[in-house]
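**Student:** pasting the sequence and the predicted coordinates here, then a few questions.
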Amino acid sequence: MRWNSESALTRPPAVRALLAVLVALAIVVLAAGGTATADTLFSDGFESGNFSAWSQVQTGGDGTAVVQSSIVRTGALAAQLSENARPPGRRPMCERCLPPRSRT
């Protein structure tokens, strides 16, 4: 069955009423959904010049973790983690443990 504007007008009144209710309900749900927020949970642009905001900085083998200024995306500083020979199961990383978020 193909849809066209004429067939929509010739539907039984009960079907048109049901469609109108569903459209109205969808509008109410979308309008009352609330405002989405994007709270920042953690931010460290490394502008402090160190890893003090991080819970753990890990390298393996001959790895290094430095705050440097030669390659950055934004700001003046960025982290650089590197290593040549990685022991199995270890990768360089920075980790920040966040406290549970309170629900108010």
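**Tutor:** Structure received.

**Student:** mind giving me the domain split of the chain?
**Tutor:** 1-33, 56-95 (automatic domain parsing).

**Student:** can you give me the neighbour number for Arg46?
**Tutor:** Small correction: residue 46 is Phe, not Arg. Per other CB atoms under 10 Å, the neighbour tally for Phe46 reads 22. To be clear about C-beta, it is placed using only N, CA and C from the backbone, and glycine gets the same treatment.

**Student:** residue ranges with poor pLDDT in the chain?
**Tutor:** Scanning the chain for pLDDT under 70 picks out 1-11, 29-38, 41, 85-91, 101-104.

**Student:** mind exporting stretch 14-29 as PDB, just the C-alpha atoms?
**Tutor:** Only the C-alpha atoms of stretch 14-29 are listed here, as PDB (Å, rounded to 0.1, in the frame of the first residue of the first chain):
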ATOM      1  CA  ALA A  14     -10.500   6.500  14.900                       C
ATOM      2  CA  VAL A  15      -7.200   6.000  13.100                       C
ATOM      3  CA  ARG A  16      -6.800   9.800  12.600                       C
ATOM      4  CA  ALA A  17      -7.600  10.400  16.300                       C
ATOM      5  CA  LEU A  18      -5.100   7.800  17.400                       C
ATOM      6  CA  LEU A  19      -2.400   9.300  15.200                       C
ATOM      7  CA  ALA A  20      -3.100  12.800  16.500                       C
ATOM      8  CA  VAL A  21      -2.900  11.500  20.100                       C
ATOM      9  CA  LEU A  22       0.400   9.700  19.400                       C
ATOM     10  CA  VAL A  23       1.900  12.900  17.800                       C
ATOM     11  CA  ALA A  24       0.700  15.000  20.700                       C
ATOM     12  CA  LEU A  25       2.200  12.500  23.200                       C
ATOM     13  CA  ALA A  26       5.500  12.500  21.400                       C
ATOM     14  CA  ILE A  27       5.600  16.300  21.400                       C
ATOM     15  CA  VAL A  28       4.900  16.400  25.200                       C
ATOM     16  CA  VAL A  29       7.600  13.800  25.900                       C
END
